[in-house]
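Engineer: coordinates only, no sequence provided:
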């Protein structure tokens, strides 16, 4: 059986999409091919994201943000496209061309976390848990034409 291909997409590929990609990889094992990308990739994954993901045993320290346009030019095709931009930037969420099942899961942007370092870490942890819960939810179901992630 061919693996389902999933792309998590956000603006910079430096936080939300990277977290979602790693959680799906952790929960699904070899059931999926999963990648993440951004419209305007950052130079690196957000250091606070790297730190809070390490707290749950996922190492993002060597991950590099990548461009959705590079994936498109390489001829990549996905069964599922999941945008993870927050609702305030939804209009900037990229659309991957081609025939794909597209879902939008709005998550707050960890880059907007403010306050002291501990307050920022607390906010990024909160976002991490939102993403983990959303990605983990379907593993008692099967991916199909319906959104198994819908509440």
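Structural biologist: Yes, it's here. Small disclaimer: the values here were computed from a predicted structure and weren't measured.
Engineer: what's the weakest-modelled helix or strand in this structure?
Structural biologist: Within the chain, no helix or strand scores below strand 101-104, which has a mean of 83 by mean pLDDT, DSSP states H and E.
Engineer: show me how far that one is from its chain's centre.
Structural biologist: 12 Å (Cα atoms, centre = their mean, to the nearest Å).
Engineer: counting by contacts, list what that strand packs against.
Structural biologist: Contact here means 3 or more Cβ pairs under 8 Å, 6 or more residues apart in numbering; DSSP states H and E; on that basis strand 101-104 packs against strand 80-83. Backbone N, C-alpha and C define where each C-beta goes, glycine included.
Engineer: which strands border the strand it packs on, and is each parallel or antiparallel?
Structural biologist: strand 4-10 (parallel), strand 101-104 (parallel) (DSSP bridges).
Engineer: residue 111 should be in a helix, yeah?
Structural biologist: Yes - counting by DSSP: H, G, I helix; E, B strand; the rest coil, residue 111 falls inside a helix.
Engineer: ok, now which ones touch it?
Structural biologist: By Cβ atoms under 8 Å, 6 or more residues apart in numbering, the contact list for residue 111 reads 12, 14-15, 46.
Engineer: likewise residue 41?
Structural biologist: By Cβ under 8 Å, 6+ apart, the contact list for residue 41 reads 12-14, 65-67.
Engineer: over to it. Which of the three states is it?
Structural biologist: Here residue 41 is recorded as coil under three-state DSSP.
Engineer: quick check: pLDDT value at it.
Structural biologist: With respect to pLDDT, residue 41 scores 94.
Engineer: just give the nearest non-adjacent residue to it, would you?
Structural biologist: residue 65 (3.8 Å; Cβ to Cβ, 6 or more residues apart in numbering).
Engineer: if we only consider the contacts of residue 41, which is nearest to residue 80?
Structural biologist: residue 13 (16.8 Å; Cβ to Cβ).
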